[in-house]
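1. Sequence first, then the predicted structure, then my questions.
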Amino acid sequence: TKLASNAAKFLKILQCKTLGELTGIITILFTPGYECGGAALAIFSHILFWAMGGGGPNRVDDMGKSSPVPANLIRTLCVADGVVGGAAVLGQVGPTPLLRKIGALSYSLL
C-alpha cells in the first residue's frame with residue numbers, strides 16, 4: 001500500500017539522520033580536537049533529513065499515519081541548524097586560530 005511505502009521511505013530517511021547523529025557524537029566523544037567537527041556532522045544530518053523529505057508526505061506518526069511538517073517550519077529549522085552548524089564548522093576549520101575560537105564559542109553559546 002501507499003502508506004506502507006511512505007513508512008518505508010521515512011524509515012530510510014530517519015536511519016540516515018540517526019547514522020549522521022551517531023557518527024557526530026562518536027567523533028565528539030572519541031576524537032580529541034574534532035569536537036566542533038563532530039557537532040557539525042550531527043547538526044548537518046538534521047538538514048539532510050529535511051532535505052531528503054523527512055518532513056514531507058512520507059513522514060508518518062507512531063500510528064503509521066501520514067504526518068507532514070509545515071514547509072515554513074522546515075525552512076525555519078534548516079536556517080537555525082545552518083547557523084549553529086556553520087558556527088561549529090568555523091570552530092573546527094576556520095582559517096585562523098581567532099576565527100576557530102570565535103566559531104567554537106559561537107557554537108557553544110547557540
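-> That came through fine.
2. Identify the single longest helix in the protein, thanks.
-> helix 2-30 (DSSP state H).
3. what's the following helix or strand after that helix?
-> helix 35-51 (DSSP states H and E).
4. Alpha carbons of that following helix, as CSV, please.
-> Extracted in CSV, the C-alpha atoms of helix 35-51 (Å, rounded to 0.1, in the frame of the first residue of the first chain):
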residue,chain,number,x,y,z
GLU,A,35,34.6,18.2,18.8
CYS,A,36,33.3,21.0,16.6
GLY,A,37,33.6,18.8,13.5
GLY,A,38,31.6,16.1,15.2
ALA,A,39,29.0,18.6,16.3
ALA,A,40,28.7,19.9,12.7
LEU,A,41,28.2,16.4,11.4
ALA,A,42,25.4,15.7,13.8
ILE,A,43,23.8,19.1,13.1
PHE,A,44,24.0,18.9,9.3
SER,A,45,22.5,15.4,9.5
HIS,A,46,19.3,17.2,10.6
ILE,A,47,19.4,19.5,7.5
LEU,A,48,20.0,16.4,5.3
PHE,A,49,17.0,14.7,7.0
TRP,A,50,14.7,17.7,6.0
ALA,A,51,16.3,17.9,2.5
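5. which residues touch the residue most central in space within the chain?
-> When Cα atoms, centre = their mean is applied to the chain, the residue found nearest the centroid is His46 (2.0 Å). By Cβ atoms under 8 Å, 6 or more residues apart in numbering, the residues touching His46 are Lys17, Glu21, Leu77, Asp81. C-betas here are computed from N, CA, C, even on glycine.
6. biggest separation within the residues you listed, which pair?
-> Glu21 and Leu77 (14.7 Å; Cβ to Cβ).
7. Any idea how many residues pack against the closest residue to Leu105 other than its chain neighbours?
-> Spatial nearest neighbour of Leu105, excluding adjacent residues (Cβ to Cβ, 6 or more residues apart in numbering): Gly91 at 7.7 Å. Neighbour count for Gly91, taken as other Cβ atoms under 10 Å: 23.
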